[in-house]
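Participant: Quick one: sequence plus predicted model below, questions after.
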Amino acid sequence: MIPLLFGIFFSLMSLCLFQFQKYQKLSIIFLLLGALALRLFVGLLDGHLTYWDEQFHALVAKNMMIEPFKPMLYKNPILPYDETNWIQGHIWLHKQPLFLWQMALSMKIFGISEFGLRLPSILMSTIIVAFIYRIGKQHINKQVGYFAALFFSFSHFVLEITAGFIHTDHNDIAFLFYVTASIWAWTEYEKLTNANRRNIFIILIGVFAGCAVMNKWLTGLLVYAGWGLSLWLNNFGKINLIKYRDLLLSLLMSIFTFIPWQIYINTNFPKISQFENKLNTRHFFEIIEDHGGDFWWHINQSFDMYKVDPFLLILCIVILFNSIQTHSVKIGLIFNILLIYLFFGIASTKMIAFTFCVSPMIYLGLGNLFEKLTQVNFMNYHFSKITTTNSIFTIIFCCWISWYNFDYPKIIENHTMQDKTTSSFFYQRMKSSKFIK
């Protein structure tokens, strides 16, 4: 409970300090400390590997500590196995390797443990809070950036997937981190006029996007969709290669980041590599492993992901479009959201985290809506002019929304023995963990 108490304390300190203009930088530091503490809290809850995906990712990462360029699930398979089956094979190419390398490095430093393998996700999930604040501050206002970052910090879904409790776990956190980093770098690039500094961000966009691909394949290039559309519209629908030069250079940098690994696995493990490439395509046209749903399936998951009604989610996106001040960023961010929901709405296979890569932009929308609500004059004119009173009400509303978003009762249900018997699955996992280790 100690990390949770520190998380609440730091976040409350941050919220109070943010209401006073001269302490806002310090408030962001406290916000990041609070986010880190909350993630340490959930990361330490389960002393066992989570069923399903985390246990497979952990084993592959452990084997990568010794042979980083030979991803293996079962290192020394004794019984006959299907080499293309991701839960029983030898060579494991079911996911791109970057998040596994990160987990392997962490366990190399901190030891082979649940905490060691979860630490990279804990750190990346915390840094995303800073990215969200910066994007909001730069292109809307600092209040929107702060509220969005605060709500993301307390997000139940984000915390659970950071802790490895939700399937696809650390793979999706790493993917989210690099996609968000590439979008942050692009939004910084759009604000700059200095050519040398713009060149630095061109490289950063390419490297971050390439790293995103090295976690979860070509959706990692999402930043170029929004960037490309904003260029096309700003040039009145004409394609001028000079205008697209920076995008093309960045894309080339991205390709150089992820292509070597693709060549390597196709050369050394051709059969499995080709199978996984075809499987990625099949996800669009076929329902894989019974993960199906209609076009609106991902929209309808908005309550599980964001604790909001689907109609409120759509409203947030509309209001966000009207609030972003930088024209190119307005086009790019909103198009990225629509593209992801459209693409995975059409795709046959559905999984809740498929749209997770645009969650920072959704939280910007939620933070923007909250900021608009704080501007509504609910009281009489003279009373509402009292700044201290407004700050107190803002703090109270933020605390309530954050705690509601955190969903402490659900965490109790998922990670403790409350209302469970000794025959429950959770108890058996805890009981067997010591023996397994």
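Facilitator: Right, received. Where do you want to start?
Participant: After the top helix by length along the chain, which helix or strand is next? Please name it.
Facilitator: Looking across the chain with DSSP state H, the single longest helix is helix 114-139. On the C-terminal side of helix 114-139, the nearest following helix or strand under DSSP states H and E is helix 142-153.
Participant: Just want the most central residue of the protein.
Facilitator: With distances taken as CA atoms, centre = their mean, L176 lies nearest the centre of the chain, 3.2 Å away.
Participant: Could you give me the buried positions within the longest helix of the chain?
Facilitator: Using 16 or more other CB atoms under 10 Å as the test for burial, helix 114-139 gives 114, 116-139. Backbone N, C-alpha and C define where each C-beta goes, glycine included.
Participant: same check, this time on stretch 196-216
Facilitator: Buried, per 16+ other CB under 10 Å, within stretch 196-216: 201-202, 204-216.
Participant: I'd like the distance between the closest residue to I436 other than its chain neighbours and T126.
Facilitator: Distances taken as CB to CB, 6 or more residues apart in numbering place H48 nearest to I436, at 7.7 Å, with adjacent residues excluded. Using CB to CB, to the nearest Å, one gets 24 Å for the distance from H48 to T126.
Participant: S328 too?
Facilitator: Applying CB to CB, the value for S328 to T126 is 28 Å.
Participant: one step back: quick check: the residue nearest to I436 is in a strand.
Facilitator: No. Counting by DSSP: H, G, I helix; E, B strand; the rest coil, H48 falls outside a strand, being coil.
Participant: For it, give me the backbone phi and psi.
Facilitator: Taking degrees, to the nearest 10, you get phi -140, psi 160 for the backbone angles of H48.
Participant: please begin residue numbering at 449 from this point
Facilitator: Yes, from this point I'll number from 449; that puts the last item at H496.
Participant: Can you classify the closest residue to D757 other than its chain neighbours by secondary structure?
Facilitator: Of all residues not flanking D757 in the chain, F751 sits nearest, at 6.6 Å (CB to CB, 6+ apart). Classification of F751 by three-state DSSP places it in helix.
Participant: what's the pLDDT at F751?
Facilitator: For F751, the pLDDT comes out at 91.
Participant: okay, now it: neighbour count?
Facilitator: Counted with other CB atoms under 10 Å, residues neighbouring F751 total 12.
Participant: Assess the claim that it and F759 are in contact.
Facilitator: No. Using CB atoms under 8 Å, F751 makes no contact with F759, being 11.0 Å away.
Participant: what about the residue nearest to K686 when sequence neighbours are not counted, neighbour count?
Facilitator: Using CB to CB, 6+ apart and skipping the chain neighbours, the partner closest in space to K686 is W680 (7.9 Å). By the measure other CB under 10 Å, the count of residues near W680 is 16.
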